[in-house]
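Visitor: Sequence and predicted structure, then a few things I'm wondering about:
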Amino acid sequence: EVVAESLEDTWGVAEAIAEQCREGDLILLRGDVGAGKTTFARGFIQSFTQDDDLVVASPTFLLHLQYDGGPCTVHHLDLYRLRQDQDISFLGLGALFPKGVALVEWPSEALRPYLPEHGFLEIELSAAAPPPPEDAAGAGEEFAMPEMDAPREIRVTSHGGRWDALCDALDLGFDR
């Protein structure tokens, strides 16, 4: 687990992982709304395609966006609204995953049959714990989105294969 103090730090972690990716790799992105999944994906995709000016949008309503320009295509998926097996079967993930690098936001259990046998990476992003309030006036407040440039905790977990060694080599404090 590492704490990214800024957007630049989050992009730095994304870039370090992008440098290690190759065709057939799958990265699952987990976290609450506003945790930084799309921000991480943006840094990853710009780094992987070597195009800092590339506009990387959230695939929330389109489900799947793809980006060419790197060693292979990057597939950026958002499964937030797709929770059932029949909902994701039309995406053709079995054919899609081996033909590029895939970043999947909001993965669900329905994704399990499509996980590669050679392993994958799971990244969980969350807002870093805020300092305790100076008084109790803020107790019981409704959900608030984290600030865009607020510190984020990034936990990276390897699920087998070459990622075990690569996570160690990245030396970013990743857990396996």
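Guide: Right, received. Where do you want to start?

Visitor: next helix or strand past the lowest-mean-pLDDT helix or strand in the chain?
Guide: For the chain, using mean pLDDT, DSSP states H and E, the weakest element among its helices and strands is helix 85-89, scoring a mean of 73. Counting by DSSP states H and E, the next helix or strand C-terminal to helix 85-89 is helix 93-96.

Visitor: which other residues reach the helix or strand following that following helix?
Guide: The C-terminal neighbour of helix 93-96 among helices and strands, as given by DSSP H and E, is strand 101-105. By C-beta atoms under 8 Å, 6 or more residues apart in numbering, the residues outside strand 101-105 that reach it are 21-29, 37-38, 41, 44-45, 48, 59, 70, 72-80, 96, 111. For the C-beta atoms, the positions are set from N, CA and C on the backbone; glycine is no exception.

Visitor: Which positions in stretch 9-18 come out as buried?
Guide: Of all the residues in stretch 9-18, those buried under the rule 16 or more other C-beta atoms under 10 Å are 9-14, 16-18.

Visitor: got the CA positions of it in PDB?
Guide: Once non-C-alpha atoms are left out, stretch 9-18 reads as follows in PDB (Å, rounded to 0.1, in the frame of the first residue of the first chain):
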ATOM      1  CA  ASP A   9       1.800  10.800  -7.500                       C
ATOM      2  CA  THR A  10      -1.300   8.800  -8.600                       C
ATOM      3  CA  TRP A  11      -0.200   9.200 -12.200                       C
ATOM      4  CA  GLY A  12       3.400   8.200 -11.200                       C
ATOM      5  CA  VAL A  13       2.100   4.900  -9.800                       C
ATOM      6  CA  ALA A  14       0.000   4.400 -12.900                       C
ATOM      7  CA  GLU A  15       3.000   5.100 -15.200                       C
ATOM      8  CA  ALA A  16       5.200   2.700 -13.300                       C
ATOM      9  CA  ILE A  17       2.700  -0.100 -13.800                       C
ATOM     10  CA  ALA A  18       2.100   0.800 -17.400                       C
END
